[in-house]
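*Asks:* Got a predicted model here, sequence first, then my questions.
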Amino acid sequence: MGKNAQQKNKKRKRQELSAAAVASTHLPPPDSDDPTSDQLISPAELQSTLLVLRTLVENPDELSDPYLKPLKRDIHDIHRILTEGTTLGTSLTAKVSAALQESRFTDALILLFEMYTRRLPPKLGAIQRWVRECDATSDVDEEGDPEAMRCLDMILRVASMGTEAEKEADTRVVRGTKAVWRAREKTRGEIQVWGMMSAGKLFDTPPVSPYPNFRPVHHVPGPLRRPPNLYDSTVYASAPSAISLSPSPPTPARLDVPGVPGAFIILDVFTPAECLQIVQAASAIGFESDEAAEGSARAKTSILAKNFVWLADKPFLEHFYDRIKGFFPQTAPVADGAGGVVNGGGRLRGINARFRVYQYTQNQVYRPHIDGAWPAAGLHPETGEYMHDSSPPDNPLWSRYTLLVYLNQDIPTDTGCTTFFLPSPDRIGSMDSVKVAPIQGAVLCFPHGDTHGSLLHEGSAVGAGGGKIVIRTDLLYEAKGFGAFKPPASVGVKQGGKGEEGAGG
Ligand SMILES: O=C(O)CCC(=O)C(=O)O
Ligand SMILES: [Fe+2]
């Protein structure tokens, strides 16, 4: 083509393009002026941009012209963002995950710091995964890997961005890193359950087998568990009279855990005699071991508590619920979750019947983690079949609080605590820990299942010769009618599958 012909051709194309651009700006402005539209680019702008790009695709020679340099630079940036992830937030999340998986803690710290300064909150599932990757167990004598601890600190700061907890952090008292908080010094009439158990004296006469008033309702062989486990899992349901309840128990009382926003303990929910009966049933039927069959080498070397999964009967649940319900918000706190999802506002409805009774012996720990939300487990009203989620589909219930019922307190001094980790208010990169000492019959309560306000904690190691028995269950609220609220998808739990078939932790 001669130079003249080329120029004519260009002129014609330019005319076509500008005619099309004019036409496009005269497109009916459907959403462009719509004040409710949250799109950054109006349809008209998009239309003319597309036209320009299409014209260049059809006329690639034009791209070598210097006047298009700024356009090419921006296209290059768009390409980079697209290949790294759809948004900066998700791309940073993926990069943090990769860095932690490869134990590149310094890289992870830098990325986390970027998320923090840009105020890009990650999803709860990501936080739960990161915490597990850090795997920074605080030992009886040691503080844990300092690099991993610094990452945990930053993860927590990112998780609590803009929350009350973050604001409160400024006014918190500075604590020693190993403070142990005991809600009550001595319990009148404490029963030394662990002492009895380890001396083989839980029963005056050997219990009959099968153990009365408990029956297996669900059994999953180890390889079929999620994630696969070396051990099977069985759920036992109790009959209404299984645990005989005291006719005149003391009045329960609530105490906030100092320095841990949202956490509190309720004393005297169960009597020592009730605690003893629960331990008797669990140990007569048998605690099951728990060890992931596959996963990282770390997972395999984790020392795990044994557990007994108990589906509690209605009268027992009602008794428990009546004693604690007055201490909780009657509607679930409303929170803006990750991705702008608003959840909360549902009515308080009860306690998850699926109790995980854990038995820790010397040096056993439940590594640092953040608890996830759980559905309401139960039995099918007609078939009697075990259901992981028994709430009706049109009125789902999901948990918002962790409940930890301590069944014994004869544990070597200052060990076997539930330890919370919080970013230090005055030193970025360091964490305070608050250890809550188990009190027999008391229930430790704290929020879970939401990015904001979720608390990093562990079941700390039990000292020499000791043992701790604790029930983990959850407080349920209605989730119905609250937008796109859905608790985070199952994330599994690396260390032994305690979060199996649920939403993690
Ligand atoms: O054993 C403890 O103190 C903590 C247990 C725990 O964190 C859990 O079951 O989610
Ligand atoms: Fe937990």
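*Replies:* Done, it's in. Ligands and ions are numbered 1, 2, ... in the order given.
*Asks:* what residues are up against residue 281?
*Replies:* Residues near residue 281 by CB atoms under 8 Å, 6 or more residues apart in numbering: 211, 214, 238, 242-243, 310. The way it works is simple: take the backbone N, C-alpha and C, and place the C-beta from them, glycine included.
*Asks:* same question, residue 360
*Replies:* 305, 366, 416, 459, 462, 467-470.
*Asks:* near ligand 1 too, which of these?
*Replies:* Among the contacts of residue 360, the ones lying near ligand 1 by CB under 6 Å from any ligand atom are 366, 459, 470.
*Asks:* ok, and the most crowded of the contacts of residue 360?
*Replies:* residue 416 (32 neighbours; other CB atoms under 10 Å).
*Asks:* is it true that it touches residue 464?
*Replies:* No: contact status for residue 416 versus residue 464: not in contact, 11.3 Å apart, counting by CB atoms under 8 Å.
*Asks:* returning to that earlier point: which PyMOL command selects the buried ones in the contacts of residue 281?
*Replies:* One line in PyMOL is enough to select the buried members of these, burial here meaning 16 or more other CB atoms under 10 Å:
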select buried, resi 211+214+238+242+243+310
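*Asks:* and which of the contacts of residue 281 is nearest to ligand 1?
*Replies:* Within the contacts of residue 281, the smallest distance to ligand 1 is 13.7 Å, found for residue 310 (CB to the nearest ligand atom).
*Asks:* For the closest one, list each beta-bridge partner.
*Replies:* residue 236, residue 355 (DSSP bridges).
*Asks:* And it, how far from residue 217?
*Replies:* Distance, residue 310 to residue 217, using CB to CB, to the nearest Å: 10 Å.
*Asks:* shared neighbours of these two, which are they?
*Replies:* 235-237.
*Asks:* Narrow the contacts of residue 360 to those in strands?
*Replies:* 366, 459, 467-470 (DSSP state E).
*Asks:* For those residues, which two are the farthest from each other?
*Replies:* Using CB to CB, the ones in strands among the contacts of residue 360 span at most 14.1 Å, a distance reached by 366 and 467.
*Asks:* CA atoms only: put stretch 406-416 into PDB for me.
*Replies:* What follows is stretch 406-416, C-alpha atoms only, in PDB (Å, rounded to 0.1, in the frame of the first residue of the first chain):
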ATOM      1  CA  TYR A 406     -13.600 -27.500  82.300                       C
ATOM      2  CA  LEU A 407     -14.200 -30.900  83.900                       C
ATOM      3  CA  ASN A 408     -11.200 -30.900  86.200                       C
ATOM      4  CA  GLN A 409      -8.700 -28.500  87.700                       C
ATOM      5  CA  ASP A 410      -6.300 -30.900  89.400                       C
ATOM      6  CA  ILE A 411      -3.700 -29.900  86.800                       C
ATOM      7  CA  PRO A 412       0.000 -29.100  87.600                       C
ATOM      8  CA  THR A 413       0.100 -25.400  88.500                       C
ATOM      9  CA  ASP A 414       0.000 -22.900  85.600                       C
ATOM     10  CA  THR A 415      -0.100 -25.600  83.000                       C
ATOM     11  CA  GLY A 416      -3.000 -26.900  80.800                       C
END
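*Asks:* what about that stretch, average pLDDT?
*Replies:* Mean per-residue pLDDT for stretch 406-416: 96.
*Asks:* May I see the buried residues of stretch 246-254?
*Replies:* 249, 252.
*Asks:* Sorry, wrong one. I was asking about stretch 423-434.
*Replies:* For stretch 423-434, by 16+ other CB under 10 Å, it's 423-425, 431-434.
*Asks:* now the end-to-end length of that stretch.
*Replies:* Chord length of stretch 423-434, first to last residue, is 11 Å (CA to CA, to the nearest Å).
*Asks:* Does the residue lying closest to residue 113 once chain neighbours are set aside belong to a helix, a strand or coil?
*Replies:* Excluding its sequence neighbours, the residue lying closest to residue 113 (CB to CB, 6 or more residues apart in numbering) is residue 154, at 6.4 Å. Following DSSP: H, G, I helix; E, B strand; the rest coil, we place residue 154 in the helix state.
*Asks:* Residue 154 against residue 109, yeah?
*Replies:* Yes: in this structure residue 154 lies within contact range of residue 109 using CB under 8 Å: 5.8 Å.
*Asks:* residue contacts, whichever residue of the stretch 201-350 of the chain sits closest to ligand 1?
*Replies:* The nearest approach of the stretch 201-350 of the chain to ligand 1 comes at residue 305, 7.1 Å away (CB to the nearest ligand atom). By CB under 8 Å, 6+ apart, residue 305 lies in contact with 290, 358-360, 364, 366, 459.
*Asks:* where's it relative to residue 473, distance?
*Replies:* 15 Å.
*Asks:* Just grab the bridge partners of whichever residue of the chain sits closest to ligand 1 for me.
*Replies:* The minimum distance from the chain to ligand 1, using CB to the nearest ligand atom, falls at residue 459 (2.7 Å). Beta-bridge pairing for residue 459 (DSSP bridges): residue 366, residue 418.
*Asks:* For it, report the pLDDT, please.
*Replies:* pLDDT at residue 459 comes out at 93.
*Asks:* likewise residue 456?
*Replies:* 86.
*Asks:* start at 38 instead
*Replies:* Fine by me, first position is 38 from now on; the one you just mentioned is residue 493.
*Asks:* Now do the contacts for it.
*Replies:* 168, 189, 192-193, 405-407, 457-459.
*Asks:* Skipping its backbone neighbours, what lies nearest it in space?
*Replies:* Residue 493 sits nearest to residue 458 (CB to CB, 6+ apart), 4.6 Å away.
*Asks:* right, and the one you found touches residue 491 too?
*Replies:* No: contact criterion CB under 8 Å: residue 458 and residue 491 do not qualify, at 11.7 Å.
*Asks:* Thought residue 311 was touching residue 226, still the case?
*Replies:* No: counting by CB under 8 Å, residue 226 does not reach residue 311; the two are 11.8 Å apart.
*Asks:* These two: which has the busier surroundings?
*Replies:* Using other CB under 10 Å as the criterion, residue 226 and residue 311 rank with residue 311 on top: 22 against 11.
*Asks:* Doesn't the more buried one lie inside a helix?
*Replies:* Yes: checked against three-state DSSP, residue 311 lies within a helix.
*Asks:* Touching, it and residue 287? I think so.
*Replies:* No: counting by CB under 8 Å, residue 311 sits too far from residue 287 to count as a contact (11.8 Å).
*Asks:* which stretches of the stretch 188-337 of the chain have low pLDDT?
*Replies:* Applying pLDDT under 70 to the stretch 188-337 of the chain flags the ranges 199-215, 224, 332-337.
*Asks:* Go through the contacts of residue 493 and name the one nearest residue 315.
*Replies:* For these, the nearest to residue 315 is residue 406 (23.9 Å; CB to CB).
*Asks:* The closest one and residue 157, how far apart?
*Replies:* Separation of residue 406 from residue 157 (CB to CB): 23 Å.
*Asks:* cool, residue 142 as well?
*Replies:* 20 Å.
*Asks:* and residue 418, how many neighbours?
*Replies:* 9.
*Asks:* so it, which of the three states?
*Replies:* Quick answer, by three-state DSSP: residue 418 is coil.
*Asks:* Quick check: phi and psi at it.
*Replies:* phi -60, psi -30 (degrees, to the nearest 10).
*Asks:* for residue 296, same thing?
*Replies:* phi 80, psi 0.
*Asks:* Surely it touches residue 469?
*Replies:* Yes: look at residue 296 against residue 469 with CB under 8 Å: they come within range, at 7.2 Å.
*Asks:* who in the stretch 288-437 of the chain is up against ligand 1?
*Replies:* Going by CB under 6 Å from any ligand atom, the residues of the stretch 288-437 of the chain near ligand 1 are 395, 403, 408.
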